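# Just the structure for this:
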Amino acid sequence: MAFKPVKDLVFLIRVQYRRNSSMQGSVQWMDGQKKSTFRSVLELGNLINDAKLQASGNKDKKTSSKRWEDKEGVS
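Model (predicted):
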């Protein structure tokens with residue numbers, strides 16, 4: 001499967017808590033105009049990977065159970 005090149009992706013990550021070698025918080029995908037919360041570093045990585053797949057045009061593969069929300073409805 002061929003992927004088209006992806007330009008730089010920009011994220012704003014807000015860490016609210018750090019505990020037991022993990023963290024929880026929120027992440028905004030600036031170019032995609034979307035926001036989501038995460039409960040672990042693994043979940044954050046899955047969200048970033050999902051954004052990379054969406055930006056490359058490969059929307060068929062679901063990589064994480066956590067989904068991006070539209071940023072407009074989130075303050």
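# I figured S40 hits S22, correct?
Yes. At 5.0 Å, S40 counts as touching S22 under the criterion of C-beta atoms under 8 Å. (C-beta placed from N, C-alpha, C; glycine too.)
# what residues are shared contacts of these two?
Common neighbours of S40 and S22 (criterion: C-beta atoms under 8 Å, 6 or more residues apart in numbering): none identified.
# so where's the protein uncertain?
When residues are selected by pLDDT under 70, those of the chain lie in 1-6, 59-66, 69-75.
# do that again at 50, thanks
Across the chain, the ranges flagged by pLDDT under 50 are 72-75.
# Grab the most central residue of it for me.
For the chain, L47 is the residue whose C-alpha lies nearest the centre (C-alpha atoms, centre = their mean; 3.0 Å).
# tell me, how many neighbours does the residue nearest to K34 when sequence neighbours are not counted end up with?
Spatial nearest neighbour of K34, excluding adjacent residues (C-beta to C-beta, 6 or more residues apart in numbering): W68 at 3.9 Å. The burial count assigned to W68 is 18, neighbours taken as other C-beta atoms under 10 Å.
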